[in-house]
Each structure stands twice: as C-alpha cells, then as structure tokens.
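Visitor: Structure for this input, please:
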Amino acid sequence: MDATLRVRIDKWLWAARFFKTRALALDAIALGRVRVGGDRVKPAREARIGDRVEIVQGESRTVVVVQALSAVRGPATAARLLYAETAESQQRRERQAQVRRYGAEPAATLQGRPTKRDRRLLEKL
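Guide: Numbers count the residues shown, from 1 in each chain. Okay, here's the model as predicted:
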C-alpha cells in the first residue's frame, strides 16, 4: 500500500474486493456502474487517494473514499484498509438489510400473467 503507486481503477476495485475478478470490474465500469467524483470513468483511469468512488452492484449502491492504493489482492482485512465507506452509504446499506430481513416486497414475486395451469388451480379453490 504505497501512496506513490499508480493503480488503474479496475485493478484497485479488484484489490479492494468489490469485484471477484478484474473482468467483472471492467464490465461494471463499461456499463457505467462505477463513478469517480460523480463522473463515468474508463478502466485505465488511475485511482488517487481521496477519490470518491460510487459502485452500484445489483440493488445496492456503495460510496467509498479511497484511503490507500494497492495493485495486489490480499486478505479481506487488508482490503478494508484501502477505502472508507461514507456515513450515508452505511446508513443506506443498513436500511436495505432491515428491509431484506423483515420480508421481501410481495410484488417482487409476481411474474406477469397467470398460466393456464395457474388459472385452473384458482378455479379449483
């Protein structure tokens, strides 16, 4: 974790364990799911200490500030030292965890029109 080290943003995201592979980090960057300072970035952009990075993965959005640079993927404890999650991001993540814990949204299980089999089962009731 050297401050003078130059690290690509895709490599930093992989080293900080936001993505399992660099290929997944590249895909997320290409799809605009990673923003630095509110702007879309290219994979070759260098990560800098103090950058505010927003990462969207599925339904969760994480906002972190780069604290250190590393091009090597190490243990999770070392990866946590590379960034600091913002307070608003932590609160949002905790609220999402509570919503998941207390039950899923009923509309999320709906899949469109009922099939012929579903209609027949409803008629039997």
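Visitor: From Asp51, how far out is the nearest residue to Val64 once chain neighbours are set aside?
Guide: In space, and not counting its chain neighbours, Val64 is closest to Tyr83: 4.1 Å by C-beta to C-beta, 6 or more residues apart in numbering. For every residue, glycine as well, the C-beta is placed using N, CA and C. The gap separating Tyr83 from Asp51 is 10 Å, by C-beta to C-beta, to the nearest Å.
Visitor: Can you pull the residues that touch both of those two?
Guide: Val65, Val66 (C-beta atoms under 8 Å, 6 or more residues apart in numbering).
Visitor: Neighbour count: the two, which is higher?
Guide: Tyr83 (23 against 19; other C-beta atoms under 10 Å).
Visitor: can you give me phi and psi for the more buried one?
Guide: Main-chain dihedrals, Tyr83, degrees, to the nearest 10: phi -150, psi 160.
Visitor: rewinding a little: got a list of what the residue nearest to Val64 touches?
Guide: Ala16, Val53, Val64, Val65, Val66, Gln67.
Visitor: can you pull out the strands in this protein?
Guide: In the chain, the segments counted as strands under DSSP state E are 7-8, 34-36, 39-40, 46-47, 52-57, 60-66, 83-85.
Visitor: Next, the angle strand 52-57 makes with the lengthiest helix in the chain.
Guide: The longest helix of the chain (DSSP state H) is helix 87-102. Angle, helix 87-102 to strand 52-57, by axes from the mean of the first three to the mean of the last three C-alpha atoms, to 10 degrees: 20 degrees.
Visitor: so what does helix 87-102 touch, helix or strand wise?
Guide: Other elements packing on helix 87-102 under the criterion 3 or more C-beta pairs under 8 Å, 6 or more residues apart in numbering; DSSP states H and E are strand 60-66.
Visitor: Run me through the strand neighbours of the strand it packs on, direction for each.
Guide: Counting by DSSP bridges, the strands paired with strand 60-66 are strand 52-57 (antiparallel), strand 83-85 (antiparallel).
Visitor: Can you check what pLDDT the model gives Arg119?
Guide: Note on Arg119: pLDDT of 88.
Visitor: That concludes my questions; thank you for your assistance.
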